[in-house]
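[1] what follows is a predicted protein model with its sequence.
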Amino acid sequence: MPILRTIPFARQVPMTIAFENTFRSLPDTLFAPVVPSAVRQPELIRLNDELAGELKLDAGWLRSPEGLAALSGNAVPSASDPIALAYAGHQFGHFVPQLGDGRAILLGEVVDRNGVRRDIQLKGAGRTPYSRRGDGRAALGPVLREYIVSEAMAALGVPTTRALAAVATGERVQREIGLPGAVLTRVAASHIRVGTFQFVAARRDETALRSLADYVIGRHYPEAAEADNPYLALLNLVIRAQARLVAHWVSLGFIHGVMNTDNMAVSGETIDYGPCAFLDAYDPNKVFSSIDEFGRYAFGNQSRVAMWNLARLAEALLPLIDTSPDRAVAQAEEALMTFMPHFDAARLFHMRAKLGLSTETPEDAGLIEDLLSAMHEMQADFTLTFRALSSLPVDGAPVALIGAFAEGPLRDWSARYAARVTLDPRPAEVRRQAMEAANPRFIPRNHRIEEVIRAAVSDGDYVPFHDMVAVLAAPYAEQPDKAAYAEPPAPGEEVLRTFCGT
């Protein structure tokens, strides 16, 4: 049985996680060895038993003192060989050639019950060579936020990193004020970002670039290896994955908030939930992030920003795509032009599902855009409006209208919708059930998350956190006794700004 390597304040204990670390096979410019820094009084806040089972980990052991030591960074399995990853990135359009994991430590990888290799990473476990002026720690609030939102996104069916555990450290971290510290155990398909490719490209290290691209192909896109041009195929596959991901976001009213290239995973998973939020009232220009002064990452800009980020990936890959710079640029530009068709098709797919339409007509896109325009004009709640659509009886004439659909622009739109539904072959009850499976009743409401964080930070009360996680695990279920979690913020409760919390 592997033995734990001791670090300050840690005991030597048996370990049952058989880590691998294939990322270490890459050139060592891409990572730095690091050991987590111990904390004084770790306390398990929550363990994700379902995810532990998926990863073939023993949840009982993870709850033990030995498991807690591993989840807090107080002990490291000898097989894990922990590292921090290097990357660069465009942050709000400005290139920073040296970033990297400043407060995240990759313990290693496990192969889950589906045969998929997954990273296990500690966030907030201490300084790394990439910490710059940071302390390498995480405050409790951002850890709880990422746990809540990443697990909610998984339940909503969105590709995302996951949260395995949240641990309180018993120590304070200094931000604008002193705050309780915590460590999040994050699970990801990998932590390779667009910025990872930018990092090696900026150093003109074609050997490292090729090694990284080959690794990503082998781990995430093995079909690219069979293509005539594997690196162009890789670019095309990442473009498609990101287009589908962002389309899924906008179909749910999700705003990432900080779509820098170092926050875009080439695996196609949502990663880094710092200032993220969900729309209450529909507004395509909505910005929550306190650091997004000019609205670069506004809700309605997310597809354009994603395409811009992917152009940066394409630039990094140019030396691999073709030995002729002109031919490489032409092929990369052709690939990038597929982003918006992929995005539009995926978005239309999700929006048709939200309207309960199983067939396609050329007028559907206009019907969807007119609904969104009416919602914007009426400041209608994004999530509740779509959920209410499933209750609209549209099979008879005249249409019986309910709630907001009986008023103003939505009244006129409802008549058009009723006419469109008559072209759909499914029985009303089948359509209603399909719509309820496409339109969540519960999302991580921003004001609810703030209530959870306040209770935990101010009072040490984690009951609201556990309750919210449980509700969001079944976002499409009615859960009548949890109706309050579906409600939009009352006057004075609306969250206007969100923060990275780093």
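    Okay, I see it. Residues are numbered from 1 along each chain as shown.

[2] for the rest of this, base every contact and every neighbour count on C-alpha atoms.
    Noted.

[3] which one is Glu20 nearest to, not counting chain neighbours?
    Glu109 (5.1 Å; Cα to Cα, 6 or more residues apart in numbering).

[4] that neighbour belongs to a helix?
    No: assessed with DSSP: H, G, I helix; E, B strand; the rest coil, Glu109 is strand; it does not lie in a helix.

[5] verify the contact between it and Arg118 for me.
    Yes: taking Cα atoms under 8 Å as the definition, Glu109 is a contact partner of Arg118 at 5.3 Å.

[6] more neighbours: which of these two?
    Glu109 (25 against 20; other Cα atoms under 10 Å).

[7] now the closest residue to Tyr476 other than its chain neighbours: how far from Gln379?
    Leaving aside its sequence neighbours, Tyr476 sits nearest to Pro440 (Cα to Cα, 6+ apart; 4.5 Å). Noted for Pro440: a distance of 19 Å to Gln379, by Cα to Cα, to the nearest Å.

[8] repeat that for Leu62.
    Taking Cα to Cα, one finds Leu62 at 46 Å from Gln379.

[9] off-centre distance for stretch 185-196?
    Remark: stretch 185-196 is offset 11 Å from the chain centroid, using Cα atoms, centre = their mean, to the nearest Å.

[10] show me what that stretch is in contact with.
    Contact partners of stretch 185-196, identified using Cα atoms under 8 Å, 6 or more residues apart in numbering, comprise 30, 71, 86-90, 116-123, 160-166, 261-267, 269, 309-310, 312-313.

[11] any idea which helix or strand comes after the lowest-mean-pLDDT helix or strand in the chain?
    In the chain, the helix or strand scored least confidently by mean pLDDT, DSSP states H and E is strand 4-6, which has a mean of 39. For strand 4-6, the succeeding helix or strand toward the C-terminus, using DSSP states H and E, is strand 31-33.

[12] could you tell me how far that next one lies from the centre of the chain?
    With Cα atoms, centre = their mean, you get 25 Å for strand 31-33.

[13] give me the contacts around it.
    Under Cα under 8 Å, 6+ apart, the answer for strand 31-33 is Arg24, Asp81, Pro82, Ile83, Ala84, Leu85, Ala86, Pro129.

[14] again, only this time at 6 Å
    Ile83, Ala84, Leu85, Ala86 (Cα atoms under 6 Å, 6 or more residues apart in numbering).

[15] I'd like the average pLDDT over it.
    Across strand 31-33, the average pLDDT comes to 98.

[16] tell me the strands beside that strand, with direction?
    Strand 31-33 has the following strand partners under DSSP bridges: strand 83-85 (antiparallel).

[17] which element follows the partner strand toward the C-terminus?
    Next element after strand 83-85 (DSSP H and E): strand 89-91.

[18] quick one: strands adjacent to that next one?
    Strand 89-91 is paired, per DSSP bridges, with strand 94-96 (antiparallel).

[19] centre of the chain to the strand it pairs with, how far?
    Worked out by Cα atoms, centre = their mean, strand 94-96 lies 22 Å from the chain centre.

[20] same check, this time on stretch 41-57
    19 Å.

[21] contact partners of that stretch?
    Contacts of stretch 41-57 (Cα under 6 Å, 6+ apart): Ala59, Asp112, Arg113, Leu164, Ala165, Ala166, Val167, Ala168, Thr169, Gly170.

[22] for it, what is the average pLDDT?
    Rounded mean pLDDT across stretch 41-57 is 98.

[23] keeping just the C-alphas, turn it into PDB.
    These are the backbone C-alpha positions of stretch 41-57, laid out as PDB (Å, rounded to 0.1, in the frame of the first residue of the first chain):
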ATOM      1  CA  GLN A  41      -7.100  22.300  11.900                       C
ATOM      2  CA  PRO A  42      -8.800  20.800   8.800                       C
ATOM      3  CA  GLU A  43     -12.500  20.000   9.000                       C
ATOM      4  CA  LEU A  44     -14.500  18.300   6.300                       C
ATOM      5  CA  ILE A  45     -17.400  20.400   5.200                       C
ATOM      6  CA  ARG A  46     -18.700  18.200   2.500                       C
ATOM      7  CA  LEU A  47     -17.700  15.100   0.500                       C
ATOM      8  CA  ASN A  48     -19.300  14.300  -2.800                       C
ATOM      9  CA  ASP A  49     -20.000  10.600  -2.200                       C
ATOM     10  CA  GLU A  50     -21.500  10.000  -5.700                       C
ATOM     11  CA  LEU A  51     -18.500  11.500  -7.400                       C
ATOM     12  CA  ALA A  52     -16.100   9.500  -5.200                       C
ATOM     13  CA  GLY A  53     -17.900   6.300  -6.300                       C
ATOM     14  CA  GLU A  54     -17.600   7.400  -9.900                       C
ATOM     15  CA  LEU A  55     -13.800   7.800  -9.400                       C
ATOM     16  CA  LYS A  56     -13.600   4.400  -7.700                       C
ATOM     17  CA  LEU A  57     -12.500   6.100  -4.400                       C
END
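
[24] how about it: buried residues?
    Within stretch 41-57, the residues scored as buried using 16 or more other Cα atoms under 10 Å are Pro42, Glu43, Leu44, Arg46, Leu47, Asn48, Asp49, Leu51, Ala52, Leu55, Leu57.

[25] gap between Gly181 and Ile449?
    18 Å.

[26] for the two, indicate the residue with more neighbours.
    Looking at Gly181 and Ile449 with other Cα under 10 Å, you find the greater number of neighbours at Gly181, namely 25 against 21.

[27] how many neighbouring residues does the residue nearest to the more buried one when sequence neighbours are not counted have?
    In this structure, Gly181 finds its nearest non-sequential neighbour in Ala139, 4.4 Å apart by Cα to Cα, 6+ apart. Per other Cα under 10 Å, the neighbour tally for Ala139 reads 25.

[28] same thing with the one 5 residues further on?
    Residue crowding around Leu144 was assessed by other Cα under 10 Å; the count is 28.

[29] any idea which helix or strand carries it?
    Assigned by DSSP H and E, Leu144 falls in helix 140-156.

[30] what is the mean pLDDT for the helix or strand that that helix is followed by?
    Counting by DSSP H and E, the element after helix 140-156 in chain order, helix or strand, is strand 162-174. Averaging pLDDT along strand 162-174 gives 97.

[31] in strand 162-174, what's buried?
    Neighbour-count burial for strand 162-174 [16+ other Cα under 10 Å]: Arg162, Ala163, Leu164, Ala165, Ala166, Val167, Ala168, Thr169, Glu171, Arg172, Val173.

[32] contacts only, for the closest residue to Ala243 other than its chain neighbours.
    Nearest residue to Ala243 in three dimensions, chain neighbours excluded: Phe343, at 4.5 Å (Cα to Cα, 6+ apart). Residues in contact with Phe343 (Cα under 6 Å, 6+ apart) are Ala243, Arg244, Ala247.

[33] to which secondary structure element is the second one assigned?
    In this case it means Arg244. helix 230-251.

[34] what's the spacing between whatever helix or strand comes next after that helix and its chain's center?
    Note on helix 230-251: by DSSP H and E, the next helix or strand toward the C-terminus is strand 254-255. Distance of strand 254-255 from its chain centroid, counting by Cα atoms, centre = their mean, is 10 Å.

[35] parallel or antiparallel, which strands does the following helix or strand past strand 254-255 pair with?
    Next along the chain after strand 254-255, taking DSSP H and E as the criterion, comes strand 277-278. According to DSSP bridges, strand 277-278 has the following sheet partners: strand 254-255 (antiparallel).

[36] ok, and what's touching the partner strand?
    For strand 254-255, with Cα under 6 Å, 6+ apart as the criterion, the contacting residues are Cys276, Ala277, Phe278, Phe299.
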